[in-house]
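[1] Build the 3D model from these lines:
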Amino acid sequence: MALNDYIRNIQDFPKPGINFKDITPLLNNPEARNECLQLLVNSLRDKKIDKVVGVESRGFFFGMLLAQELNVGFVPVRKPKKLPFSVISASYELEYGTDTLEIHTDAIQKGEKILIHDDVLATGGTAKAVAELVEQLGGEIVQFNFLMELAFLNGRNKISQYKIYSPLVY
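    Below you'll find the predicted structure:
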């Protein structure tokens with residue numbers, strides 16, 4: 001199955017010059033969605049995972065499916081003031097400023113093996129911030145999974161010390 005057929009390109013979204021990769025056709029097709037999930041799961045063979053960390057918001061879709069498939073816990077990483085308990089935060093650079101992500105302080109225990117999942121690896125700023133949060137709580141990052149990597153943005157360079165898997169690369 002060609003998963004690329006289920007990624008829709010939206011020109012000039014969310015701003016002029018951006019070619020947005022829309023995953024909603026993939027989410028809407030059970031066969032394509034399952035094929036993608038199986039590719040992500042297969043990348044984890046022989047790896048011990050205790051929890052899946054999903055990044056707001058599109059990382060939640062397959063992050064929850066991965067946690068269910070692996071029979072492990074799911075940890076949401078969210079934008080500021082969205083989590084109700086005690087949090088730690090990490091900021092990262094955007095092309096037009098900075099943003100911040102938060103995680104509950106009790107979400108990960110020291111030594112737990114963590115899979116971090118997000119929809120897209122672009123510039124790598126978000127991924128690097130999430131890695132900082134996981135490691136600050138004592139988690140050991142086993143792998144980063146992304147639905148797609150925009151290789152021309154070189155985001156892999158910011159997290160090159162980790163194993164990275166993406167079934168789609170542009």
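[2] Quick check, pLDDT for Lys15.
    Here the pLDDT value assigned to Lys15 is 88.
[3] ok, it - how many residues close by?
    Counted with other C-beta atoms under 10 Å, residues neighbouring Lys15 total 8. Just so you know, the C-beta spots here come from the backbone N, C-alpha and C atoms, and that holds for glycine as well.
[4] can you check Ala122 too?
    Look at Ala122: counted by other C-beta under 10 Å, it has 20 neighbours.
[5] Please apply the same query to Phe60.
    18.
[6] Now do the strand or helix carrying Ile114: which elements does it pack against?
    Element membership for Ile114 (DSSP states H and E) is strand 113-121. Helices and strands touching strand 113-121, by 3 or more C-beta pairs under 8 Å, 6 or more residues apart in numbering; DSSP states H and E, are strand 51-55, helix 59-70, helix 125-136, strand 140-149.
[7] ok, the residue nearest the centre of the chain - contacts?
    Centroid-nearest residue in the chain: Asp118, 1.4 Å away (criterion: C-alpha atoms, centre = their mean). Neighbour list for Asp118: 54-55, 58-59, 63, 126-127, 130, 144-146 [criterion: C-beta atoms under 8 Å, 6 or more residues apart in numbering].
[8] Could you do Ile159 as well?
    With contacts defined as C-beta under 8 Å, 6+ apart, Ile159 is in contact with 121, 124, 127-128, 131, 144.
[9] I'd like these as JSON lines, with neighbour count appended.
    JSON lines is the format used below for these (neighbours: other C-beta atoms under 10 Å):
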{"residue": "Leu121", "neighbour count": "26"}
{"residue": "Gly124", "neighbour count": "21"}
{"residue": "Ala127", "neighbour count": "24"}
{"residue": "Lys128", "neighbour count": "17"}
{"residue": "Ala131", "neighbour count": "22"}
{"residue": "Phe144", "neighbour count": "25"}
